[in-house]
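In: Return atomic coordinates for the entry below.
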Amino acid sequence: MEDQFPARQAADTLARLLADQRGTETVLALQRFGAAAANRTPGPSMPSRPSMPSGPAAGRRPRFIGVWEIVDTPAGPGLRRRSKTPLWESSVWSAEGDVPGKGDARRVIVLGESVARGYLLDPVFTPTAALRHYLDARVGAGSYQCVDLAQVSIRLPALRLMVRNSRHLDPDVLVVFAGNNWTTTSDDVPRTDYPADIAEVLRRHGYAGLRDALLKDFVLPQAAELLRELVRLRDEAGVQPVFVLPEFNLSGWSALGAGVAEIDVPMLPDAALMRWYEARAEAVAALAAADWPRVRALAEQMAELDQGTSPVPGFLLGRALEAAGEPTAAREAYERARDSVHSLPVKHLPRISRAVQDFIRDFCRSNEITLVDLTKELGPEGLPDPRHFLDYCHMSLSGITIAMAKTAEVITGGGAITAADAVGAAAAGAGAGAKAGADAAATAAGSAPAQAAVPAAGIPGPEVGAWPEAVSLVLAGTYNSFSGQPAESVAAYLRRALEVCPEVKDLMIALGRLLDRPGGPLWSGADFAQVISEPNAAGSFERLGEYRPDKSRLWTLREAMAQVLGPEHVALTGATGATGATGSAGGRRELLDIATTLLGVGAVPNFTEPRCYLQANTAATRITFALDTPADSLLRLTHRRREGGPQAAVVLVNGVESGRFEAVRGWKATEIAVPASALRPGANLVEIGWPGPAVGWETRIAEDTAALARGEQPYVLPIFGELFSVTIESAL
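Out: Prediction:
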């Protein structure tokens, strides 16, 4: 025992040294040092983390690529579609079957993410199909073989592996259309692959510094690795690389929507946070009144408080500058809104930031890689036209045709594609007689004849039926509603759908009936089969099938459809009795929408562990519910707060204060009587105004620094309160 005493004493000393936060960081640093020492190799001038996913060496041909098996054919390597591929896997790839060898044709492989899949138009129309059309228009049908290997939601490391493996398909041209997923937004990123000093960066520089460091030391090194793969592919295999740089729907995507409000602003010092929310409320009121100087002043004040980490002030400033006729300055403001959350470890919708765009531009210029810059093609005068988009980044028919016309132009090395080229391609591909027959069949079926899509830039597009384009616009309205966009934006997509093809009204009415059902998931409705029978609707609505229409995420769609079609076609009521109850005991209805919040990933807008209750990350929690006939009702809230003394939270129903509850540390239930006079048929709004952050700035920074030091994700956002349940029932 005496021999063990020095060891025990040393162990006790070590335990004391490692017991605090610095100890945790020290252990993680030692782990990283050990891992680096064990794998020490001469590295590139730029960091290259995280490492590539496991895969075959560059000289060995993989057996599979995507959902296809690589096979040898007399005409060269081809692809055979794997049978019995699970739907969740096959649905993110092209619907194309087997791909023959290229023979005498030049093979063009298209890689990328959902924007390269043509999300909401796929599989009826895709960027690869548009590219094939324009290449045929330029040099004649059959001269190029276009292979679509784009994948929805593909991440940087996986895309790099696709670039590397594409050489085994003997391509002549490789088109990479990507960049929206090049961020930290991923549940599967190994936390210890973050920069070793990232906890100290947060401690010293806050969340703006954390975001900038992750961009510089985590995202851009991965981007460099992928771009270097393109250079190697060109230099070693003679492949012509073309990079298509995405654009964002800068002025057409609101940062004020309910879906985006979950990332209103990261945590700020307590006083700054409350002043930020005061300025936000004042700015939104000034926006409604079109008081542009006031909007501008308040937006600049908010941006100073949040150090550029919130999308809201940039969006508000962009609106003010756009109204003042300053499109260049408005673009800069909208870009700041888009870029504010990029590389911040919170869940946000895909986007490419200015920093990533500039990095790609500089790399392509320095390494002589052909670049198609959609920031110039879709908005040469400043702001991109919102009509070229279906949401935040996915492009409409016009956007796709503009992008792929330019891509075909740079591949072939010729001038701009003319209307004569497009006519020639149509004749070569189908023949005038076939087109006339298709038009006659479309007319007999009650839809508009096939027509050439002519974007605003005047570029002749491929022939696409009016019906699938109209369906894509209805889907856009649905997706924008689910993502918290305002009713006027949703209604604009629906009106465009009717302009393109008036017959789509029947589909919209069927969708309205599906939304007006008394509870149950969407898939259980009789109209669901009709909706998903549309090929480009099947994928998105099958994923949305579990959603319950009595929840609030699609209420804006219902409101917009009623505006466009009239309330006689789309009801604005719950169609389920006095409170829209779903048949629970006593008619009580749960109003919280835990499972279908932002991106359909549950109630957690960051990468922390899931939970079965709602943590309010904004100063006001908004809950929408539907009523058929208003009646005296009882609102019951189960709530708590983590820190601070008891403070009162205000409960508003349709903008009128209905009661208050004391925000305390333990779970507590509060009942509030709501008279029928405070309610209305259709959508009703419960708004809970929290008294202030329930977790202070110092606590948040300490907890997030500790999480990063342990190799875990930080929380990032403020917490104003917590809700376990919010129910309403008739008081009768």
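
In: just how off-centre is the host helix or strand of residue 305 within its chain?
Out: Under the criterion of DSSP states H and E, residue 305 resides in helix 292-306. Taking CA atoms, centre = their mean, to the nearest Å, one finds helix 292-306 lying 26 Å from the centre of the chain it belongs to.

In: Give me the buried positions along the next helix or strand after that helix.
Out: Following helix 292-306 in sequence order, the next helix or strand is helix 311-323 (DSSP H and E). In terms of neighbour count (16 or more other CB atoms under 10 Å), helix 311-323 has its buried residues at 311-322. Backbone N, C-alpha and C define where each C-beta goes, glycine included.

In: What is the nearest of these to residue 633?
Out: residue 312 (33.0 Å; CB to CB).

In: follow-up on the earlier one: okay, the angle between the helix holding residue 305 and helix 311-323?
Out: 150 degrees (axes from the mean of the first three to the mean of the last three CA atoms, to 10 degrees).

In: List the buried residues in helix 292-306.
Out: Those would be 292, 294-303, 305-306, for helix 292-306 by 16+ other CB under 10 Å.

In: mind putting those in CSV, distance to residue 100 and pLDDT included?
Out: Listed next are those as CSV, based on distance: CB to CB, whole Å; pLDDT from 0 to 100:
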residue, distance to residue 100, pLDDT
292, 59, 98
294, 63, 98
295, 58, 98
296, 59, 98
297, 63, 98
298, 61, 98
299, 56, 98
300, 59, 98
301, 62, 98
302, 57, 98
303, 55, 98
305, 60, 98
306, 55, 97
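
In: In CSV, list these along with distance to residue 498.
Out: Shown next, in CSV, are these (distance: CB to CB, whole Å):
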residue, distance to residue 498
292, 32
294, 37
295, 33
296, 36
297, 40
298, 37
299, 35
300, 40
301, 42
302, 38
303, 39
305, 43
306, 40
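
In: which one of those residues is nearest residue 385?
Out: Out of the buried residues of helix 292-306, the member with the shortest distance to residue 385 (by CB to CB) is residue 292, at 22.1 Å.

In: Flag the shaky bits of the stretch 451-600 of the chain, pLDDT-wise.
Out: Counting by pLDDT under 70, the stretch 451-600 of the chain shows low-confidence ranges at 451-461, 518-519, 550-552, 570-586, 595-600.

In: now the helices for it?
Out: Under the criterion DSSP state H, counting those that start in this stretch, helices of the stretch 451-600 of the chain are mapped to 466-482, 487-500, 505-515, 528-532, 535-544, 555-565.

In: so which of those comes closest to residue 168?
Out: Of the helices of the stretch 451-600 of the chain, the one closest to residue 168 (CB to CB) turns out to be helix 535-544, at 28.4 Å.

In: quick revisit: Serialize the buried residues of helix 311-323 to a markdown table and add fields for distance to residue 534 and pLDDT.
Out: A markdown table is the format used below for the buried residues of helix 311-323 (distance: CB to CB, whole Å; pLDDT from 0 to 100):
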| residue | distance to residue 534 | pLDDT |
| --- | --- | --- |
| 311 | 32 | 95 |
| 312 | 35 | 96 |
| 313 | 39 | 97 |
| 314 | 36 | 97 |
| 315 | 33 | 97 |
| 316 | 37 | 97 |
| 317 | 39 | 98 |
| 318 | 34 | 97 |
| 319 | 34 | 97 |
| 320 | 40 | 98 |
| 321 | 39 | 97 |
| 322 | 35 | 96 |
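
In: ok, so of the buried residues of helix 292-306, who is nearest residue 521?
Out: residue 306 (38.3 Å).

In: Which residue, other than its chain neighbours, is closest to the closest one?
Out: If the residues on either side of it in the chain are set aside, residue 306 comes closest to residue 265, at 5.2 Å by CB to CB, 6 or more residues apart in numbering.

In: and the one you found, what does it touch?
Out: 273, 276, 306, 309-310, 312, 718 (CB atoms under 8 Å, 6 or more residues apart in numbering).
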